[in-house]
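Visitor: Following is a predicted model, sequence given first.
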Amino acid sequence: MNIYNILLENSELLRIIYSLIIGLICGIIFIKTNKFFKLSSHEGIRYFRNAFFFYGLAFLTRYFFGVIFSSVIPYSLTIFIFEYFVILAGFFLIYSLIWKKFNSSYSSLFNSKVILFHLIALIIAFLGILSGTYNFMFYSQIILFFYASLISYSNYNKNPQHKFLKFYFIAILLGLFIWTLNLLASILFSWNPLFLLNIGIINLIFFLLVLYGIIKVTRR
């Protein structure tokens, strides 16, 4: 029996471990970027920090609400909250790249600009619940990551010696690839378990790559 078969036969346990690992990675990224923001007061880091705060919340929501409290919390509510947090995280990633175009605000979670992100995320998550699919979330993330890849490439091209910009561009491209695979899993591969397992592995690499980049920068 190969490793894939073992993992597929323990899919529920795998989901729990997977959610906790990504939640932990996001927590470390948040803590390190939050310390770095307090030292540098860099607005881009401020919103980058928020993105992984919501990514962490999204995966921990899937674990706590989807597994531990599944008997008392409707599955549809768990999915709604998960999608809302994921979409919001995507918006904050974009905002971390274009923050210079807007005035700084006292609150980075709720202000006149960011409130629009909350509203759009709620609408997309609601549409996902109505349709019974993740496709609205997938399309939104593909668009956001495609836009983010263009901006991050432009930033890297202006300063190719900057190691973090290189890691960031690679991570964003990987994120775009992952969301595209997720959409394909939904519309072409009927949620094939082996296909999803490979997506999960690539997704984990994405978060580890970001963590590696953050560790390199904060050590410096």
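Guide: Here it is on my side, so go on.
Visitor: Next SSE downstream of the lengthiest helix in the chain?
Guide: Assignment by DSSP state H gives helix 11-40 as the longest helix of the chain. Downstream of helix 11-40, the next assigned helix or strand under DSSP states H and E is helix 43-63.
Visitor: measure the residue nearest the centre of the chain to residue 187 for me?
Guide: Geometric centre of the chain, nearest residue: residue 55, 4.6 Å, by C-alpha atoms, centre = their mean. As judged by C-beta to C-beta, to the nearest Å, residue 55 and residue 187 stand 24 Å apart. Using the backbone N, CA and C atoms, a C-beta is placed for each residue, glycine as well.
Visitor: circling back to that earlier point, isn't the residue nearest to the centre of the chain right up against residue 88?
Guide: No. Counting by C-beta atoms under 8 Å, residue 55 sits too far from residue 88 to count as a contact (9.3 Å).
Visitor: Show me where this structure has its helices.
Guide: Under DSSP H, the chain gives helices at 3-9, 11-40, 43-63, 75-98, 114-131, 135-158, 163-187, 193-219.
Visitor: Show the average pLDDT along the shortest one.
Guide: Within the predicted structure, the mean pLDDT of helix 3-9 is 65.
Visitor: try stretch 197-213
Guide: If you average the pLDDT over stretch 197-213, you get 91.
Visitor: List the buried residues in that stretch.
Guide: 197, 199, 200, 203, 206, 207, 209, 210, 211, 213 (16 or more other C-beta atoms under 10 Å).
Visitor: Check stretch 150-169 too.
Guide: 151, 152, 156, 164, 165, 167, 168, 169.
Visitor: Ok, stretch 125-145 next?
Guide: For stretch 125-145, by 16+ other C-beta under 10 Å, it's 125, 128, 134, 136, 137, 138, 140, 141, 142, 144, 145.
Visitor: What of stretch 41-52?
Guide: Quick answer for stretch 41-52 (16+ other C-beta under 10 Å): 43, 44, 45, 46, 47, 48, 49, 50, 51, 52.
Visitor: Return the member of those nearest to residue 97.
Guide: When the buried residues of stretch 41-52 are compared for distance to residue 97 (C-beta to C-beta), residue 44 wins out at 7.0 Å.
Visitor: residues contacting the nearest residue to that closest one once chain neighbours are set aside?
Guide: Closest residue to residue 44 apart from its sequence neighbours, by C-beta to C-beta, 6 or more residues apart in numbering: residue 96 at 4.8 Å. Residues counted as contacts of residue 96 (C-beta atoms under 8 Å, 6 or more residues apart in numbering) are 44, 45, 46, 47, 48, 50, 51.
Visitor: Any figure for the gap between residue 96 and residue 192?
Guide: 34 Å.
Visitor: again with residue 209
Guide: Distance from residue 209 to residue 192, by C-beta to C-beta: 25 Å.
Visitor: Next: residue 154.
Guide: Counting by C-beta to C-beta - residue 154 and residue 192 are separated by 36 Å.
Visitor: Show me the shaky parts of this structure.
Guide: 1-11, 66-71, 102-108, 110-111, 163, 220 (pLDDT under 70).
Visitor: was I right about residue 178 contacting residue 201?
Guide: No. Applying C-beta under 8 Å as the test, residue 178 and residue 201 come out as separate, 10.2 Å apart.
Visitor: quick one on the thing from earlier: how about the buried residues of stretch 41-52 in TSV, adding distance to residue 76?
Guide: Shown next, in TSV, are the buried residues of stretch 41-52 (distance: C-beta to C-beta, whole Å):
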residue	distance to residue 76
43	36
44	35
45	35
46	33
47	30
48	31
49	30
50	26
51	25
52	26
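Visitor: Good, we can wrap up now.
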